[in-house]
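Enquirer: Model the following, please.
(chains A, B, C, D, E and F)
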Number of protein chains: 4
Amino acid sequence: MARPRGRPAKENRSRDILAAALAVFAEKGFAAARLDDIAARAEVSKGTLYLYFDSKEALFEALVRAAVLPNLERLEGLVTAWNGSSAALLRQMLGVLTGVLREGRITAFPKLIIAEATTFPHLARLYREQVAERGLKLIAGVMERGVASGEFRPVDPTAAARLFIAPVLFIAIWRVTFAQFDDRKLDEAALLATHADLLIRGLLAHPPPEAAR
Amino acid sequence: MARPRGRPAKENRSRDILAAALAVFAEKGFAAARLDDIAARAEVSKGTLYLYFDSKEALFEALVRAAVLPNLERLEGLVTAWNGSSAALLRQMLGVLTGVLREGRITAFPKLIIAEATTFPHLARLYREQVAERGLKLIAGVMERGVASGEFRPVDPTAAARLFIAPVLFIAIWRVTFAQFDDRKLDEAALLATHADLLIRGLLAHPPPEAAR
Amino acid sequence: MARPRGRPAKENRSRDILAAALAVFAEKGFAAARLDDIAARAEVSKGTLYLYFDSKEALFEALVRAAVLPNLERLEGLVTAWNGSSAALLRQMLGVLTGVLREGRITAFPKLIIAEATTFPHLARLYREQVAERGLKLIAGVMERGVASGEFRPVDPTAAARLFIAPVLFIAIWRVTFAQFDDRKLDEAALLATHADLLIRGLLAHPPPEAAR
Amino acid sequence: MARPRGRPAKENRSRDILAAALAVFAEKGFAAARLDDIAARAEVSKGTLYLYFDSKEALFEALVRAAVLPNLERLEGLVTAWNGSSAALLRQMLGVLTGVLREGRITAFPKLIIAEATTFPHLARLYREQVAERGLKLIAGVMERGVASGEFRPVDPTAAARLFIAPVLFIAIWRVTFAQFDDRKLDEAALLATHADLLIRGLLAHPPPEAAR
DNA sequence: CATGAATGAGCCTTCATTCAT
DNA sequence: TATGAATGAAGGCTCATTCAT
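Expert: The predicted structure is shown next:
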């Protein structure tokens, strides 16, 4: 009756909805997420969601685009601008990823993509092309440069790229899956530091003598 | 109406149902899996499912227990019986895991657990305790032995265990998530071989000279 | 495998089933009673029920016949044999009914009939004709005799019969409906005694002076 | 597909649903009543029911509250306002109850409560406390006053209250159970009139001479 | 733009009934 | 006779989507 119908248009309604959607999808997964919850958290009516996104799936997809790509672009910038050793670049990239992992919410995406890949192949393809392949190609490029310069032993850059990223994925997944029960949280930074040491020592054509470590 | 009711008890109905459930859960995830589909695939009526399992969730849980534990026990047997070098044991274990990955269906489990962890914390806890922690402890033990004997450099065994398994998880996830679109399938065996090389070279206190490889 | 198939025919299987059915129907009502429970309580398989009764409804009907009619016949015998005053006969009949109520299980029947009357009109009709009308007619006969002899004031025997039985029904219903919560159980015998006093005083053409009571 | 979704909010949807529920529950009993039928009779979709009531049981409970309490309150008002003789008050109350019985639908409640008491003890308790005990206490108070003033013989007010109400319950039950078959309907008003006569004559300390009747 | 009441398809679960053994 | 595994129809409940206001 005396309710505000045409609201003062709190600007960036769409931003609010995406934020709420991220929170709810992250917590429940796609299927179990209810539009009611997303609407409530965005302080918006359920009908309003449909003004901004055509369907639950479209909302999910927009979310993926909005939340993941920026991080990838950051890494691409780092690589492009780099002019030190490949080993140091890999360490630097892991440092960036450590930071990303610390942020929080983004971690939910691998889970979401994994969980919904079969149900929404469309979405999985998008993610694979826009994120996964693109990121792996970036890393493989770094590996290739290291091999070409003689810094690294001759390894398959594609394989090395996957081995580089696997522990990052491991951490993301461990967190959303098991961290709820962990007394002593997994020391993620230390794990990635060890990863950097082992991987780079494994890659280097001329590893430093043991003492140097 | 005129369908056979008291069937000749095609033996191991429960086995059939679990197999069907694995297939359907793997494809759809828990929420989207329909009991109708599971029943149809098991060539059984929907009601029959309830003769063997109390609920959809109970069926899921039984599935996890039945399908995953045997593989873990196989690895435990391998470790216990081993008396060669730690590096060789790690290679051997990766060989076993490569085989497991090749089998197929089991790969679906990480996905399922990951996808349903928030919805069924109960299940995630079970999996973490019965599978994840148990497996990591097994690997960490191997690492520890290698460090103690001087074969490996002094690394944190817990971290090393996670780094050891991360690429295996990566492969499992990649497959169920993206393999549907892959023209050239990911060469999983080669990836794990490279993993073994890099990791072991990273771990060894006295890596062999470059030429040896 | 080595289970007794053709059981030593514990005689009167049908009696066992009826007893079990009474217990379960009384507790759950018709719709909520499960044949599984009846079979279990009768220590018989579910299939066996169908050897003795065509359907759940048929079992229910057999139960009504078997459990209620004997009591009515007992009352009819009492009336036929009576040769005292009508007032004393009414008291006697209430005494018998008090005993019947004390027994227990029978009390469940009014509830069952009431609950299922719409669903099984067939059954309600049976009960009305075989039990209710027959019982009321019996009581109305007693009333009529009392009026004819001048012992009672001229009341409508049909109405009086209903008023006579109403408190008995009240008790049966109260018990199965509310007695579960009662701290101090309803004193049923006292209630029926008061009923006898008030009703007979109301009926008598020449009530005794106040002091006599 | 092309049906009206956001309906013009035909006011008092909840009232419609309750009315439909009363009709269907009365006819079928709780268990056999289908929400489909209730929704259809309310000219509402099944989903809409859940906008107003959390569950079938909650709907049932709301129904009990909404339909029964007003009548009880009416009686309480009558008693409070009364300043004539107790006998006249009892007659008056029976008159009110006769009217209530004539209305119709309410009669279904005793049946419903009786039928579902075991299945929903929660509901039975509610009814017993909010309706039965409250009503009996009201009547017992009237009896007590009559005894205290010397108008009535010294009877147990609690017992007398039950005897007062028993024929009303009898009528309600008879109607929903058997009236479907009755050629000549039970003359309910006459029955309650006879009840008033007999009961009050039984209660009065100084009954009027026979002729006065 | 925004609302939120209304919709209805879809799915898990129960249980009376059947029938090969 | 007796069994009990198997069936499948039926119904309560959820939630993405629509649309009159």
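Enquirer: in the least confident helix or strand in chain A by mean pLDDT, what's buried?
Expert: In chain A, no helix or strand scores lower on mean pLDDT, DSSP states H and E than helix A:121-127, which sits at a mean of 84. The neighbour-count check on helix A:121-127 (16 or more other C-beta atoms under 10 Å in any protein chain shown) flags A:Leu123, A:Ala124, A:Tyr127 as buried. Glycine gets a C-beta too; all of them are placed from N, C-alpha and C.
Enquirer: Dump these to CSV, plus distance to chain B.
Expert: Formatted as CSV, those follow (distance: C-beta to the nearest C-beta, whole Å):
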residue, distance to chain B
A:Leu123, 10
A:Ala124, 6
A:Tyr127, 8
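Enquirer: Tabulate the residues you listed (a markdown table), appending distance to C:Asn12.
Expert: Shown next, in a markdown table, are the buried residues of helix A:121-127 (distance: C-beta to C-beta, whole Å):
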| residue | distance to C:Asn12 |
| --- | --- |
| A:Leu123 | 67 |
| A:Ala124 | 67 |
| A:Tyr127 | 71 |
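Enquirer: which helices and strands sit right next to the least confident helix or strand of chain A?
Expert: Contacts defined by 3 or more C-beta pairs under 8 Å, 6 or more residues apart in numbering or on different chains; DSSP states H and E place helix A:121-127 against helix A:56-81, helix A:108-116.
Enquirer: go again using 10 Å as the cut-off
Expert: Helix A:121-127 sits against helix A:56-81, helix A:108-116, helix B:157-178, with contacts defined as 3 or more C-beta pairs under 10 Å, 6 or more residues apart in numbering or on different chains; DSSP states H and E.
Enquirer: Say whether DNA strand F is contacted by that helix.
Expert: No: using C-beta under 7 Å from any atom of the strand, helix A:121-127 stays clear of DNA strand F, coming no nearer than 13.8 Å.
Enquirer: Where does the prediction get shaky in chain A?
Expert: In the predicted model of chain A, residues A:1-11, A:183-185, A:210-213 satisfy pLDDT under 70.
Enquirer: Domain ranges for it, per the record?
Expert: If you go by automatic domain parsing, the domain ranges for chain A are A:1-53, A:65-212.
Enquirer: Quickly compare those domains and say which is most buried.
Expert: Comparing the domains of chain A by mean neighbour count (mean count of other C-beta atoms under 10 Å in any protein chain shown), domain A:65-212 comes out on top with a mean of 17.
Enquirer: anything in it near DNA strand E?
Expert: No: Domain A:65-212 lies out of reach of DNA strand E by C-beta under 7 Å from any atom of the strand, never closer than 11.6 Å.
Enquirer: For DNA strand E, what's its nearest residue on chain A.
Expert: As assessed by C-beta to the nearest atom of the strand, DNA strand E sits closest to A:Gly47 within chain A, at 1.8 Å.
Enquirer: Now do the helix or strand hosting that residue: everything it contacts.
Expert: Under the criterion of DSSP states H and E, A:Gly47 resides in helix A:46-52. By C-beta atoms under 10 Å, 6 or more residues apart in numbering or on different chains, the residues outside helix A:46-52 that reach it are A:7, A:13-18, A:20-21, A:34-40, A:42, A:44-45, A:55-56, A:58-59, A:62, D:6.
Enquirer: and that helix, anywhere near DNA strand F?
Expert: Yes: with C-beta under 7 Å from any atom of the strand as the criterion, DNA strand F is reached by helix A:46-52 at A:Lys46, A:Gly47, A:Tyr50.
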